[in-house]
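Participant: Only the shape, not the letters, is given here:
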Ligand code: GLN
C-alpha cells in the first residue's frame, strides 16, 4: 500500500531519492511469515520505514543529497539501519535532504527540492524534509531523520508530524555520515508520539561501534508515552522559555504560531501541569555559536571527499596527466553545492591560526554558558517548551538567496543540540492566517527523554 502511495504522489512531493520496492516487498514477505508463525521480532515487525539518505545502507546508494557521493553504495549498514532490519521493518527507500544536512528547507539537495504535502509550493522544512514529507503524505508510516540543529524537529513542525531529537549519545551515530559530530543525533519521524517512542526504543541504546554512545539503558519511553496519552500531567512543571518566543521576545515569530503555542500551554495546564517562566539569557547567542562550531566540524569532516575514496571523480579539463590535487579540486568544485562550499570556507576560516581563539574558542565558551542556562532552567522546571519553528512553511525559493534568513528558522531548536539535551516537536494545530501546521517543542534534561514523550503524548 505504501509503495502504491509513493507511486501515486511522490512525483509531486519528491520525498524519496530512491525507492527500494523489491527489497521492501521481500522484507515484508518475510515479516508476514514470521507474524503468522507468532515469531514477530518486535512490535514494529512488518511496519515499513523510510530512511534519510545520510545513513549508510548496505547495497543501497547513499548520497547525503550531494553530487559528490553519486554512485557510492555503502558496503555496510549504519547501526540504526541494522537495528531496523533486525526488528523486521521493511525499508521503503532513502529520503531527500539538504546536501550533507545543511539547510532548513531541503532546497539545498543536489537532486531537487521536496515539496510540502500541505501546499506543494512550500518547503517541507530541512534538512530532513524528505522524511517529514514522506510521513505527512502517508508514503511511509515511520521514518528516520537526523538532527544537528533542528533537522528532525523543524520539518516536523512545518509538516504536522512528530519529530524527536534524542539525548546526544542515546542513538548510535555509527554509519551516519557526520555533519558535525558533537551535535548530530538520529531520531524518529512519525505521525504520533507513541509511534516515535516505539521507534526510539528500537533504534536507541548503547552501541560499542560509536565511542560517544551512552552506555546505560534508555528510560522507558513507550511507558512514558502511554502514561501521557491518559492526559494527566499532574506533578509536572513546564517552563516557558522567555528567549524562545516567551512573553516579550516574540519578535520574528508569526502571530498564528504564537497563538497555537499559547493554546498548547493552556492544554498542559488543563492536564494538571504547573507553568513557570524561565529565562535562558545565553540562548540569544546560540545561533551565532552554532554557525561557528558546525562549519568548523563540517569543514573537517568533508575533507575526506577527496575524489579518491568515494563516489564522484572529475578530471580537470585540458590537463593531460592531472595531479591528485588537481583532480581533488575539480571534483570538489563540481561535487559540492554553494551552501556546502560556504560552510567549508566559514569553518576553515574559524579554525585557522590567529582566528581560532577569537571565533571557535569563543563559540565553545558560549556553548558552555548555554549548557549552564539549561541546568539552571531544569532546576525550576521538568521540561521546557517553545514554538518549534518561528513561522509556518515558507514558499519554495523565498529564502534561498538569503542564508541568514534561512539560518533563523533554527533559532529555537539549536540550543538543544549545543547542550546535548533531548527534544520533541509535536503538532500544535494550524495557524489561523494561513491554515498551515505549527509545532510545539518540548525539551528535557539529558537522559530524561521519557519526559518529552510523556508531555508530548498528553497533547495528542
Ligand atoms: N538547519 C540547520 C543547519 O542548516 C540544521 C541542520 C541539521 O539539523 N542537520 O545547519
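Facilitator: Okay, I see it. Note that the structure is predicted; figures quoted are calculated from it, not measured. Numbering: from 1, shown residues only.

Participant: Can you check the pLDDT for the residue in the chain sticking out farthest from the centre?
Facilitator: Distance from the C-alpha centroid of the chain peaks at residue 320, with 44.1 Å (CA atoms, centre = their mean). With respect to pLDDT, residue 320 has a value of 94.

Participant: what's around residue 235, how many residues?
Facilitator: 9 (other CB atoms under 10 Å). Where you see a C-beta, it was placed from the backbone N, CA and C, and this is true even at glycine.

Participant: brain fart, residue 21
Facilitator: Around residue 21 there are 13 residues (other CB under 10 Å).

Participant: same question, the one 5 residues further on
Facilitator: Here the number of neighbours of residue 26 (other CB under 10 Å) works out to 12.

Participant: Then it would be within a helix, right?
Facilitator: Yes. Residue state for residue 26 (DSSP: H, G, I helix; E, B strand; the rest coil) corresponds to a helix.

Participant: Who are the contact partners of the residue in the stretch 251-400 of the chain positioned nearest to the ligand?
Facilitator: Per CB to the nearest ligand atom, the residue of the stretch 251-400 of the chain with the smallest distance to the ligand is residue 294, at 5.6 Å. Neighbouring residues of residue 294 by CB atoms under 8 Å, 6 or more residues apart in numbering: 148, 149, 179, 180, 183, 343, 347.

Participant: how does it look with 10 Å?
Facilitator: Going by CB atoms under 10 Å, 6 or more residues apart in numbering, residue 294 touches 101-102, 148-149, 179-180, 182-184, 343, 346-347, 350, 363, 414, 417-418.

Participant: From those residues, list the ones also adjacent to the ligand.
Facilitator: Restricting the contacts of residue 294 to those adjacent to the ligand (criterion: CB under 6 Å from any ligand atom) gives 101, 102, 148, 149, 179.

Participant: Confirm for me that the last one is in contact with residue 54.
Facilitator: Yes. Using CB atoms under 10 Å, residue 179 is in contact with residue 54, at 7.7 Å.

Participant: Mind checking the pLDDT average for stretch 417-425?
Facilitator: Here the average pLDDT along stretch 417-425 is 98.

Participant: Tell me the residues on the chain that lie near the ligand, please.
Facilitator: So the chain meets the ligand at 101-104, 126-127, 147-151, 179, 294, 410 (CB under 6 Å from any ligand atom).

Participant: For the residue most central in space within the chain, give me phi and psi.
Facilitator: What sits nearest the mean C-alpha location of the chain, by CA atoms, centre = their mean, is residue 152, with 2.5 Å. The phi/psi pair for residue 152 (degrees, to the nearest 10) reads phi -100, psi -40.

Participant: Residue 362 contacts residue 296, doesn't it?
Facilitator: No. Taking CB under 10 Å as the definition, residue 362 is not a contact partner of residue 296, at 11.8 Å.
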